[in-house]
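1. generate a structure from the sequence data that follows.
(one chain, ligands or ions: 2)
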Amino acid sequence: MGAYREARKYTNRIALIDGGPLGTTCARVGCMPSKLLIAAANAYHDAQETDRFGVRSGAPSVDGKAVMARVRSERDRFVGFVMDAVEGFDEGHLIREFASFVDDHTLKLSSGRTITARAIVIATGSRPNVPPPFQAAGERLIVNDDLFDWDDLPQSVAVFGAGVIGLELGQALSRLGVRVRLFGRDHFVGPISDPKLRDYAADTFEAEFPAHWHADTEISNTDEGVLIQWKDENGAGEETFDFLLAATGRRANIDKLGLENTSLELAPNGVPVFDPLSGRAGESHIFIAGDAVADLPLLHEAADEGRLAGENAARLPHAYRRARRAALGVVFSEPQIAIAGQTFKQLTDQGAAFEIGEASFEDQGRARVMGVNKGLLRVYGEKETGRLLGAEMVGPQAEHLAHLIAWAIQSGQTVSEVLQNPFYHPVVEEGLRTALRTLNNALGFGPNPPLRCIDCGPGA
Ligand SMILES: Cc1cc2nc3c(=O)[nH]c(=O)nc-3n(C[C@H](O)[C@H](O)[C@H](O)COP(=O)(O)OP(=O)(O)OC[C@H]3O[C@@H](n4cnc5c(N)ncnc54)[C@H](O)[C@@H]3O)c2cc1C
Ligand SMILES: NC(=O)c1ccc[n+]([C@@H]2O[C@H](COP(=O)([O-])OP(=O)(O)OC[C@H]3O[C@@H](n4cnc5c(N)ncnc54)[C@H](O)[C@@H]3O)[C@@H](O)[C@H]2O)c1
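-> Residues are numbered from 1 along each chain as shown. Ligands and ions are numbered 1, 2, ... in the order given. I've put the predicted structure just below:
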């Protein structure tokens, strides 16, 4: 849609081809319904936690049918907004068919009709990657798309994949009273690459629901449900579940596009070799954007890439490059996980000369006041220049802290410059200030932060 809108500014000779259900992955089966489920889970969780504030609210309970009814109806509203936008596109531009390449300029549609184009944008999205052994779960095997169509909550779900989807949906289901067990691989915890944070996050989530960050598993279907037998460093076990949720990554929808019929050079993962700063595949007239790129499967990145690809496709032979925005990623678990700028792994892989600053939220004033004092923030800065390079965090309101950090990185600020900004009291952002102060000190650009920062307010 972003590519269409941009290209439409330059030409009326344009087609938007989509054979699947409209409404976008984000609104139908992604960002929005997942956040709706998480909102219900956190409402129930918070209602059970009021006693520590001296507030007695009785015994809350979950009405699974009502939870899923709200998820579906609000999801349908969001999808409706997208459908309204598509309906506003010019008459005749939308072709409701699937397309594949016959040659560099010709697309074959599902009806057999062919169309030719001077320039083409591939923005075909992604789908869940389901490893073949999961097929043993039969009809009990589900992906995110299935979950959001439930009428009621099940008793139990085995969640495979400790990435973004596994953590968000696994924790939400667990908080809603569903018996959940999470099976990850290679000790990954969401997108965290900093080992200290990964350990902290693993301990935090494990304290809430059973999780195996690396396990060998056997899957079989029985009359009672899907049986998972596992073995990991803590021993062996087995348990039966209503469903197996596959949250083991996504694969780009490029395998059925007939790319082999084009002259494009393909990377080993099947995606055309392209320039991420222009979206252009080689020197061709073909552009690629969004999850189809299999690179940064996030909505704001997909939208940026779509707009760039659409503009460049329409402008050919002039295609321009644009610098990417500072990286930003948020996992809506509790506590949240967020990444801004460059990750610990990217910096170490590059051999970058950097220092680390850190702040814990366990004793942070505002976090304690609100009873959300669980978290750790690690910020990275460049040795020579004192520039802020990146951050990884697990903690309260990480979605907001990550934005501040990403904005500072994008404007090229040093850690000292970021510290010149105002910080209110008492706010969670004071935790960010502590981390930046320890980083500035590690870089040799400033003094050690005052102990517990009494100068700026108790518990800051
Ligand atoms: C559970 C979940 C939660 C998520 N949460 C977040 C979040 O909180 N924040 C965030 O930033 N991102 C989130 N994402 C990721 C985000 O949804 C995607 O990155 C984004 O929607 C990708 O947009 P896209 O335009 O590339 O693909 P899509 O929205 O999938 O659009 C691709 C379109 O191409 C069509 N198509 C496919 N093949 C063909 C073909 N051959 N011919 C014609 N049309 C075709 C499809 O029908 C589809 O309509 C989430 C994803 C999931 C699954
Ligand atoms: N909040 C958000 O922004 C948000 C939310 C959901 C999804 N998304 C997007 O969707 C993408 C896909 O999410 P995802 O969670 O499916 O992918 P992911 O890449 O984040 O995580 C997949 C996880 O599955 C593990 N895994 C792979 N095979 C496995 C196996 N056989 N058994 C157990 N574990 C296995 C991997 O080690 C990895 O940790 C994300 O990368 C993200 O960009 C974003």
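
2. okay, CA-based contacts and neighbour counts for the rest of this
-> Noted.

3. need the pLDDT of the nearest residue to residue 353 once chain neighbours are set aside.
-> Distances taken as Cα to Cα, 6 or more residues apart in numbering put residue 383 closest to residue 353, at 5.7 Å, once the chain neighbours are dropped. The score at residue 383 is 98. That number is its pLDDT.

4. tell me which parts of the stretch 301-450 of the chain are close to ligand 1?
-> residue 302 (Cα under 6 Å from any ligand atom).

5. change it to 5 Å
-> Of all the residues in the stretch 301-450 of the chain, not one is in contact range of ligand 1 (Cα under 5 Å from any ligand atom).

6. in stretch 258-266, which residues are buried?
-> Within stretch 258-266, the residues that count as buried by 16 or more other Cα atoms under 10 Å are 259, 260, 262, 264.

7. kindly report the same for stretch 382-399.
-> 382-383, 386-399.

8. off-centre distance for it?
-> Taking Cα atoms, centre = their mean, to the nearest Å, one finds the center of stretch 382-399 at 18 Å from the center of the full chain.

9. how about stretch 60-77?
-> Worked out by Cα atoms, centre = their mean, stretch 60-77 lies 22 Å from the chain centre.

10. that one and ligand 1 in contact?
-> No. Stretch 60-77 is not in contact with ligand 1 by Cα under 5 Å from any ligand atom; minimum separation 12.4 Å.

11. from here on, count from 600
-> Okay, using 600 as the starting number, the last item reads as stretch 659-676.

12. dump that stretch to CSV, keeping only the CA atoms.
-> Extracted C-alpha coordinates of stretch 659-676, given in CSV (Å, rounded to 0.1, in the frame of the first residue of the first chain):
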residue,chain,number,x,y,z
PRO,A,659,-10.9,-11.6,39.2
SER,A,660,-11.6,-14.3,36.6
VAL,A,661,-11.1,-14.7,32.9
ASP,A,662,-14.1,-15.2,30.5
GLY,A,663,-12.3,-16.7,27.6
LYS,A,664,-15.2,-16.2,25.2
ALA,A,665,-15.4,-12.5,26.1
VAL,A,666,-11.6,-12.1,25.8
MET,A,667,-11.5,-13.6,22.3
ALA,A,668,-14.7,-11.7,21.2
ARG,A,669,-12.9,-8.4,22.0
VAL,A,670,-9.7,-9.5,20.3
ARG,A,671,-11.7,-10.4,17.1
SER,A,672,-14.0,-7.4,17.1
GLU,A,673,-11.3,-4.9,17.7
ARG,A,674,-9.1,-6.7,15.2
ASP,A,675,-11.9,-6.5,12.6
ARG,A,676,-12.2,-2.7,13.3
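
13. what residues sit buried inside the longest helix seen in the chain?
-> As assigned by DSSP state H, the longest helix anywhere in the chain is helix 663-686. Neighbour-count burial for helix 663-686 flags 663, 666-668, 670-671, 673-675, 677-679, 681 (criterion: 16+ other Cα under 10 Å).

14. again, but for stretch 808-822
-> 810, 811, 812, 813, 814, 816, 818, 819, 820.

15. same thing with stretch 1014-1022?
-> Neighbour-count burial for stretch 1014-1022 [16+ other Cα under 10 Å]: 1014, 1015, 1017, 1018, 1022.

16. in helices, which of those appear?
-> Short answer: those in helices (DSSP H) are 1014, 1015, 1017, 1018.

17. the helix or strand hosting residue 987 pairs with which strands, parallel or anti?
-> Counting by DSSP states H and E, the element that carries residue 987 is strand 987-994. Strand pairing for strand 987-994, determined by DSSP bridges: strand 935-940 (antiparallel), strand 975-981 (antiparallel).

18. can I get these in TSV with distance to residue 634?
-> Output for those, formatted as TSV (distance: least, Cα to Cα, whole Å):
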stretch	distance to residue 634
strand 935-940	12
strand 975-981	23
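
19. ligand 2 is nearest to which of these?
-> Ligand 2 lies closest to strand 935-940 among the strands paired with strand 987-994, at 8.9 Å (Cα to the nearest ligand atom).

20. phi, psi of residue 659?
-> Phi and psi for residue 659, reported as degrees, to the nearest 10, are phi -70, psi 160.

21. residue 1023 too?
-> According to degrees, to the nearest 10, residue 1023 has phi -70, psi 170.

22. and if you look at the one 10 residues further on?
-> When quoted as degrees, to the nearest 10, the phi and psi of residue 1033 stand at phi -60, psi -50.

23. grab the nearest non-local neighbour of residue 791.
-> Using Cα to Cα, 6+ apart, the nearest residue to residue 791 is residue 797, at 5.9 Å.

24. if you could redo that for residue 998, that was the one I meant.
-> Using Cα to Cα, 6+ apart, the nearest residue to residue 998 is residue 929, at 5.9 Å.

25. could you give the average pLDDT over stretch 719-727?
-> Model confidence over stretch 719-727 averages 98 on the pLDDT scale.
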